[in-house]
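Participant: Need a 3D model of the sequence below.
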Amino acid sequence: MDTTIILILLQDGVMNGAIYALLGLALVLVFLVTRIIFIPQGEFVAFGALTLAFMVDGQTPGTVAMLLILGALVFLSELIAAGRTRQWQGLGRTAVWTLGLPLALYALAPYVVAKDTPLWLNVLFSLALVVPMGPMLYRLVYQPVAEASVLVLLIISVALHFAMTGLALAFFGAEGWRTPPFVEGQVDMGPVSWSAQTFFVLGTCVVLITALWLFFGRTLHGKALRATAVNRRGARLMGISTNMSGSLTFTLAAAIGALSGMLIAPVTTIYYDTGFLIGLKGFVAGIFGGLLSYPIAAIGAMGVGVLESFSSFWASAWKEVIVFTLIIPVLLWRSFGSKHIDDEA
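Facilitator: Purely as a prediction, here's the structure:
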């Protein structure tokens, strides 16, 4: 191994680490606000990448039909709940985003899906298809058991992961896909040429993290999420809807996951089940911060990315083992300084 190889591996590790940082951020956000260890975060990575790949290839992605089905199920759940309580307020607004939005995207799909459609339009349409699935899944799966223990929510997350993996296989098939890079070209830095795609990924991650920082610090909804993360009971007493907080959190998590998948798809072949391993590496990054600290999770993500890159050079067959074994000393280290805190009612 010489300096050139080290720089090449470092480039690959930094780019992957940036993706893991975004996923770790999403996992920390979901856990802080809802107490859910969101195992299916990786499925949104696969959904985003595969949806974009299908559209670039001129095919209608399976997420068009999937969003229609999820929207209909959510509206049916809300209709049943309204019938039981005799409270019909808000049902019209629910119909707009659960039925109106999926139907509008279904009607637009034939006009957007084509091989000559600009990449940026494919990205926007793909996000419009994938992101609404986040709050829909929260409403269907988690909202009815929002006050359950962390263990119960974890078991539900595992079950949802397997369900979403099966849906991905049914709607996208077992074939692997890649997408064209967002930016072409090379940037010479010393003895190594860095791809322009790497800088695009890093720049996008910086912009997204900055936008989230501004959202949590400057907007009313962001402050509501922070309040819910600090104390769920106190937030409810102050009039903050925990259902709204959970739905908004899952919207952000779905957006981060889908965008991460689109960023990594040009350099990695994405299959229907690829998101699970990518999401787990984001989870390892989140564990560095104890699922509590965004900056430490981001630092841990960069470490995971670099470790994975160098492990693939030294022992490619064992790189996954090496990365996931890293979680054991981290958990031991965090357990020494942790204090037991009972779940809130």
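
Participant: From here on, just use CA atoms for contacts and neighbour counts.
Facilitator: Will do.

Participant: Go through the longest helix along the chain and flag the buried ones.
Facilitator: In terms of residue count, the longest helix belonging to the chain (DSSP state H) is helix 3-34. Neighbour-count burial for helix 3-34 flags 7-34 (criterion: 16 or more other Cα atoms under 10 Å).

Participant: Could you pull out the buried residues of the helix or strand hosting V323?
Facilitator: Taking DSSP states H and E as the definition, one finds V323 inside helix 319-325. Neighbour-count burial for helix 319-325 flags K319, I322, V323, F324 (criterion: 16+ other Cα under 10 Å).

Participant: Tell me the predicted confidence for the closest residue to the second one other than its chain neighbours.
Facilitator: Spelled out, it's I322. Using Cα to Cα, 6 or more residues apart in numbering and skipping the chain neighbours, the partner closest in space to I322 is S311 (7.2 Å). pLDDT recorded at S311 is 81.

Participant: The residue nearest to G173 when sequence neighbours are not counted: what's it in contact with?
Facilitator: Among residues not flanking G173 along the chain, Y272 sits closest, at 7.0 Å (Cα to Cα, 6+ apart). Contact analysis of Y272 by Cα atoms under 8 Å, 6 or more residues apart in numbering lists A46, F47, L50, T165, A168, L169, F172, G173, A174, E175, G176.

Participant: Narrow these to those in helices?
Facilitator: Using DSSP H, the members of the contacts of Y272 that fall in helices are A46, F47, L50, T165, A168, L169, F172.

Participant: quick one: which of the residues you listed has the most company?
Facilitator: Most neighbours among the ones in helices among the contacts of Y272, by other Cα atoms under 10 Å: F47, with 35 neighbours.

Participant: my guess is it meets V130, correct?
Facilitator: Yes: the pair F47 / V130 is scored as a contact, 6.8 Å apart, by Cα atoms under 8 Å.

Participant: what residues do those two have in common as contacts?
Facilitator: Residues touching both F47 and V130 (Cα under 8 Å, 6+ apart): T63, A258.

Participant: now the strands: where do they sit in the stretch 151-300 of the chain?
Facilitator: 186-189, 192-195 (DSSP state E, counting those that start in this stretch).

Participant: And the first one, what does it pack against?
Facilitator: Packing partners of strand 186-189 (3 or more Cα pairs under 8 Å, 6 or more residues apart in numbering; DSSP states H and E): strand 192-195.

Participant: Distance from the strand it packs on to the middle of the chain?
Facilitator: 28 Å (Cα atoms, centre = their mean, to the nearest Å).

Participant: who's in contact with V113?
Facilitator: Counting by Cα under 8 Å, 6+ apart, V113 makes contact with M55, V56, G58, Q59, T60, N122.

Participant: In those residues, which residue is surrounded by the most others?
Facilitator: Neighbour counts for those, by other Cα under 10 Å, peak at M55, which reaches 25 neighbours.

Participant: That one against T63, yeah?
Facilitator: No: M55 is beyond contact range of T63, at 10.8 Å (criterion: Cα under 8 Å).

Participant: now that we're looking at the spatially most central residue of the chain, how far away is E147 from it?
Facilitator: In the chain, the residue lying closest to the centroid (Cα atoms, centre = their mean) is G257, at 2.4 Å. Here G257 is placed at a distance of 25 Å from E147 (Cα to Cα, to the nearest Å).

Participant: repeat for T219
Facilitator: 26 Å.
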